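[1] here's a sequence, model it:
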Amino acid sequence: MGVNSVDVEARTRIITVPNATIVLNVGLIATGAAVLVSVLSRTTAATTSVGPLPITIALLALVVGIPHGAVDNLTLTRRLSTREKLLGAAGYLAVAAVAALAIITWPGIAFVAVLAMTVWHFGTGDVEATRELQGLSPVRSWVRIPYAIALGSAPVLLPLTSPAAVATLTAIEPRLALVMSDQVIVGTRIAVVTLIVGCLLWLIQQGDVRGAIELFALTVLGYVASPLIAFAVYFGFWHALRHTARLAQVSEGAVSLRSLLQVSRGGIPSVIGFIAIIAILVTFVDPSVAMGPALWFGLAVIWGLTVPHMLVVARFDARMRRERITTS
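    The predicted structure follows:
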């Protein structure tokens, strides 16, 4: 049954599929491999130079992850009319444009705001996706909030506050130096590690061995690996793959290679565009030219596009959570 022919009931029911465990394991395996590659290639969080192998791995991970953000329509419970699609697309792009403009204009407060949204988006997505794909009931206690923040901070804030990332970001946008001061970096890392340790102890006390292993793996990834590898591998093989599996489970009724590809096909144009941009940059752009402003503009556009995606997925997470609580 194709995505476009799925009725409302099929799109909203909860189905537990053993194949979902494979999706969860891919993230763990990719995380371990990324740490190993970073150590062996000596492109860790402390180094600013990145070799061809880490860049290749990062680009591959990004290609895998990009489609998941282009199929937000699958999070809806009903089909939209042509008019609704056009209005929705216009609203989506308008939010992205405002967010990107805010980041460019106010790189301090807007950058911090988008980072906070990103941590929450990744964290809550992981909490819901991991338990949903395992067929477990949602986390109902208040601990869900710090647990989500810990899961989102490990692959986002730890890499971003590494020496390599700080040097790169402040080079392409000097105004970020005011935000990413030494005091802020140290304070952020201490707070994140403290939160992670507390959540690890809670997970062990709850008997959630897999949850503890996953949080520990993300922490090692964020603390050791090159920021580029850490984020790209997490984004593509962990976050995006789990979100795609959830959409496949809801829209196709099963998690399998076929259903994952079926869901991802809507993101093929985005992948083609990404590859085309990379090819153009590699072919025609002189590496010796100062690329700071251009890189910052590109990052602002990417972050801007993630804002409406995060809002749409937050609504999807809330709906799925309500349904699982009702049926558990």
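[2] hmm, who's touching stretch 174-194?
    107-108, 111-112, 150, 153-154, 157-158, 161, 166, 169-170, 219 (Cβ atoms under 8 Å, 6 or more residues apart in numbering). (C-beta placed from N, C-alpha, C; glycine too.)
[3] between the two ends of stretch 202-210, how far is it?
    End-to-end span of stretch 202-210 (Cα to Cα, to the nearest Å): 13 Å.
[4] and residue 192, how far is that from residue 215?
    Relative to residue 215, residue 192 is positioned 12 Å away (Cβ to Cβ, to the nearest Å).
[5] what residues are shared contacts of the two?
    Contacts common to residue 192 and residue 215, judged by Cβ under 8 Å, 6+ apart, are 150, 154.
[6] tell me what the top helix by length along the chain is packed against?
    The longest helix of the chain (DSSP state H) is helix 292-327. Here helix 292-327 touches helix 82-105, helix 109-133, helix 163-172, helix 241-251, going by 3 or more Cβ pairs under 8 Å, 6 or more residues apart in numbering; DSSP states H and E.
[7] ok, and for it, which residues are buried?
    296, 299-301, 303-310, 312-314, 316-317, 320-321, 323-324 (16 or more other Cβ atoms under 10 Å).
[8] next one: stretch 26-34
    Those would be 26, 27, 28, 30, 31, 34, for stretch 26-34 by 16+ other Cβ under 10 Å.
[9] repeat that for stretch 199-216.
    199, 200, 202, 203, 208, 211, 212, 214, 215.
[10] picking up where we left off before, and the helices and strands packed on helix 292-327, which one's lowest on average pLDDT?
    Lowest mean pLDDT within these: helix 163-172, a mean of 81.
[11] off-centre distance for that one?
    20 Å (Cα atoms, centre = their mean, to the nearest Å).
[12] tilt between the helix or strand sitting right after it along the chain and helix 109-133?
    Counting by DSSP states H and E, the next helix or strand C-terminal to helix 163-172 is helix 182-206. Here helix 182-206 runs at an angle of 10 degrees relative to helix 109-133 (axes from the mean of the first three to the mean of the last three Cα atoms, to 10 degrees).
[13] toward the C-terminus, what is the element adjacent to helix 182-206?
    helix 209-224.
[14] residues making contact with that next one?
    Residues contacting helix 209-224 (Cβ under 8 Å, 6+ apart): 24, 27-28, 31-32, 34-35, 38-39, 44-45, 126, 130, 134, 150-151, 154-159, 162, 193, 196, 199-200, 203-204, 230, 233-234, 238.
[15] tell me the buried residues within those.
    Of these, these count as buried by 16+ other Cβ under 10 Å: 24, 27-28, 31, 34-35, 38, 44-45, 126, 130, 150-151, 154-159, 162, 193, 196, 199-200, 203, 230, 233-234, 238.
[16] mark which of these are part of helices, please.
    Reading helices off these with DSSP H, I get 24, 27-28, 31, 34-35, 38, 126, 130, 150-151, 154-159, 193, 196, 199-200, 203, 230, 233-234.
[17] wait, is residue 141 part of a helix?
    No: with DSSP: H, G, I helix; E, B strand; the rest coil as the criterion, residue 141 is located in coil rather than a helix.
[18] who touches it in this structure?
    Residue 141 neighbours (Cβ under 8 Å, 6+ apart): none.
[19] and the pLDDT at it?
    82.
[20] now swap in the one 5 residues further on and tell me
    Model confidence at residue 146, expressed as pLDDT, equals 95.
[21] number the chain from 27, please
    That works, and once the first residue is 27, the last one we named lands at residue 172.
[22] show me the contacts for it.
    Per Cβ under 8 Å, 6+ apart, neighbours of residue 172: 221, 224, 225.
[23] export those to a markdown table and tack on pLDDT?
    Listed next are the contacts of residue 172 as a markdown table, based on pLDDT from 0 to 100:
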| residue | pLDDT |
| --- | --- |
| 221 | 97 |
| 224 | 96 |
| 225 | 96 |
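[24] columns distance to residue 118 on top of those residues, output as a markdown table?
    Listed next are these as a markdown table, based on distance: Cβ to Cβ, whole Å:
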| residue | distance to residue 118 |
| --- | --- |
| 221 | 32 |
| 224 | 37 |
| 225 | 33 |
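[25] just name the closest of the residues you listed to residue 309, please.
    Of all the contacts of residue 172, residue 221 has the smallest distance to residue 309: 44.0 Å, by Cβ to Cβ.
[26] relative to residue 121, how far out is the closest one?
    Residue 221 is 29 Å from residue 121, by Cβ to Cβ.
[27] nearest residue to the most centrally placed residue in the chain other than its sequence neighbours?
    What sits nearest the mean C-alpha location of the chain, by Cα atoms, centre = their mean, is residue 261, with 4.3 Å. Nearest non-adjacent residue to residue 261, counting by Cβ to Cβ, 6 or more residues apart in numbering: residue 91, 4.5 Å away.
[28] what's the answer for residue 72, then?
    Using Cβ to Cβ, 6+ apart, the closest residue to residue 72 is residue 189 (5.2 Å).
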